[in-house]
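**Q** need a structure here:
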Amino acid sequence: MTYRRLLTSLAGHSPSPSRLIPPYAQSLPSLAQTPSSSLRPPYTHNVTLNKDISAGRSLKASKKFELILAPKKEKTAGEWEKWRREIISTNEGRRQVEARWREVINSLEKIKDGQIEIPQITYHQLTSNLASPSIADGIKSTGLVVVRDVVSDSDAIGWAKDILLSMGERSGRAVYWHPSLLAARSNPSILSANAQLSSALLASSNVYVTATTITEGLQSSPSIPHSSDPWSTPRSLLSHLTLTPSIPTASTMVSPTILAAEYSSLRPLFRSLKSKISFYSTAGYLDPENWELNDSTSNSSSSSNSQNQSTETDLPHLHGVQIIHPELRPGDMIFHHSSLPILTSQGSGQVFLPLHPVLKNGNEQWASEQRDAFEKGLPPPGEGIQEGLWEVETKGNRSIVGGRAGREAMGYE
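**A** Okay, here's the model as predicted:
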């Protein structure tokens, strides 16, 4: 993601007037006021200095950097790899995951080339719609929902511009605690939508909100499969606020069924016995009998990051299920299962702000670490910042988080 390109894509939208007013004024005097014999230029130029600067000259640096050291990591397998090893280590585990794999593939085959609609609800009708069990169940089964007009498009675009300009001032470095980001994370409508969908899909409205930076486009984040309910997987719900319009050449592909999320999570466990070129038609290649549990990666060091590998594995059984996602406009939010395959075309130019809900129960330590990063002006946990010097942002505190709901989302109340 390059902030310059994204700023250029917003050129057609009126910027905030305050950013275009220079900090000075010019006035041209009349000839009567300016004698022709004077060597002074025929204008006055008054510069208003910042109060801190006019008080005196200082050699103090305007930016502060802090050395970030990478945390010491023990050579242990990730959660996904631990789960995989557990599954294949017992006959019962293997039978269960093989049976579920076949069930998912057969169920996907039945809905191929059918009409699957993505639920779309306007924000002011969200409460009444979620009160209907059939609508809530429909969202669970499709794995995603679009909530329209959560905030005004002017607010969303304004936040995007402010954040991108701030990144430009930091030589393209990400920002996490900019006032516009704090405003979005404490916006009552956004937090209400997060809480309502969390209640409907995760059975709890008591959630924190993740503090991260903007992204270009959307993508999935495959998680550990759950044996009975995909929504019971930790951090299974992702939410994004659309900040900028899409461009005509961009598109987002999605497979709108919770079966696709299960398939995406299970896919790295299996491999085909024969390749595609061994069959006259794709049906033979996709047949469940052509797929087996993959044991070959159990002792491979290259498999230590299997969760990341799952995002790179092809998903052949989803052909015929994928559709083009409806256009998302500034101010809309999209909520989807973390494992649901969703991908925006490269260089889409559309900016999103992740605002993922995290259940409060059991995640108090994570919330404490996020608050600590906020108060130090450093990147929040889990952002994968490389070791080295980091330009510290303005240090935060409880008082600058707007509203009680915003403070609760950060864990201050």
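
**Q** the helices in the stretch 1-150 of the chain, which residues?
**A** 3-9, 51-54, 79-88, 91-111, 126-130, 133-142 (DSSP state H, counting those that start in this stretch).

**Q** mind giving me a markdown table with the ones you listed and columns for mean neighbour count, mean pLDDT and distance to residue 234?
**A** Backbone N, C-alpha and C define where each C-beta goes, glycine included. Conversion of the helices of the stretch 1-150 of the chain to a markdown table gives the following (neighbours: other Cβ atoms under 10 Å; pLDDT from 0 to 100; distance: least, Cβ to Cβ, whole Å):
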| stretch | mean neighbour count | mean pLDDT | distance to residue 234 |
| --- | --- | --- | --- |
| helix 3-9 | 17 | 71 | 32 |
| helix 51-54 | 8 | 45 | 47 |
| helix 79-88 | 17 | 85 | 9 |
| helix 91-111 | 15 | 94 | 19 |
| helix 126-130 | 16 | 97 | 22 |
| helix 133-142 | 15 | 96 | 17 |
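
**Q** Of all those helices, which one is nearest residue 192?
**A** Evaluated over the helices of the stretch 1-150 of the chain, closeness to residue 192 peaks at helix 126-130, with 8.0 Å, by Cβ to Cβ.

**Q** packing partners for the closest one?
**A** helix 188-202 (3 or more Cβ pairs under 8 Å, 6 or more residues apart in numbering; DSSP states H and E).

**Q** contacting residues around the helix or strand that the helix it packs on is followed by?
**A** Following helix 188-202 in sequence order, the next helix or strand is strand 207-209 (DSSP states H and E). Under the contact criterion Cβ atoms under 8 Å, 6 or more residues apart in numbering, strand 207-209 has outside partners 185, 191, 194-195, 198, 355-360, 363, 366-367, 370, 409-411.

**Q** Recalculate using a threshold of 6 Å.
**A** 185, 198, 355, 357, 358, 359, 360, 367, 409, 411 (Cβ atoms under 6 Å, 6 or more residues apart in numbering).

**Q** just to revisit the earlier point, rebuild the helices of the stretch 1-150 of the chain as TSV, extending it with distance to residue 251.
**A** Output for the helices of the stretch 1-150 of the chain, formatted as TSV (distance: least, Cβ to Cβ, whole Å):
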stretch	distance to residue 251
helix 3-9	16
helix 51-54	48
helix 79-88	29
helix 91-111	22
helix 126-130	26
helix 133-142	19
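
**Q** and of the ones you listed, who's closest to residue 294?
**A** helix 79-88 (8.7 Å).

**Q** what angle separates that closest one from helix 91-111?
**A** Helix 79-88 and helix 91-111 are oriented at 110 degrees to each other (axes from the mean of the first three to the mean of the last three Cα atoms, to 10 degrees).

**Q** Check which helices and strands helix 79-88 sits against.
**A** Where contact means 3 or more Cβ pairs under 6 Å, 6 or more residues apart in numbering; DSSP states H and E, helix 79-88 is packed against helix 91-111, helix 306-309.

**Q** Pull the distance from the next helix-or-strand element following the shortest one to the chain's centre.
**A** Meaning helix 306-309. Once helix 306-309 ends, the next helix or strand along the chain (criterion: DSSP H and E) is strand 323-324. Distance of strand 323-324 from the chain centroid (Cα atoms, centre = their mean, to the nearest Å) equals 20 Å.

**Q** Other residues contacting strand 323-324?
**A** By Cβ under 6 Å, 6+ apart, strand 323-324 touches residue 251.

**Q** in its sheet, what does it sit against?
**A** Here strand 323-324 has these sheet partners by DSSP bridges: strand 252-254 (antiparallel).

**Q** Quick check: buried residues in the partner strand?
**A** For strand 252-254, the neighbour count (16 or more other Cβ atoms under 10 Å) marks 252, 254 as buried.

**Q** Please apply the same query to stretch 159-171.
**A** Result for stretch 159-171 [16+ other Cβ under 10 Å]: buried residues 159, 160, 161, 162, 163, 164, 165, 166, 167.

**Q** From those, which land in helices?
**A** Mapping the buried residues of stretch 159-171 onto helices (DSSP state H) picks out 159, 160, 161, 162, 163, 164, 165, 166, 167.

**Q** now the residues you listed as TSV including distance to residue 178?
**A** TSV is the format used below for these (distance: Cβ to Cβ, whole Å):
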residue	distance to residue 178
159	9
160	11
161	11
162	7
163	6
164	10
165	10
166	5
167	9
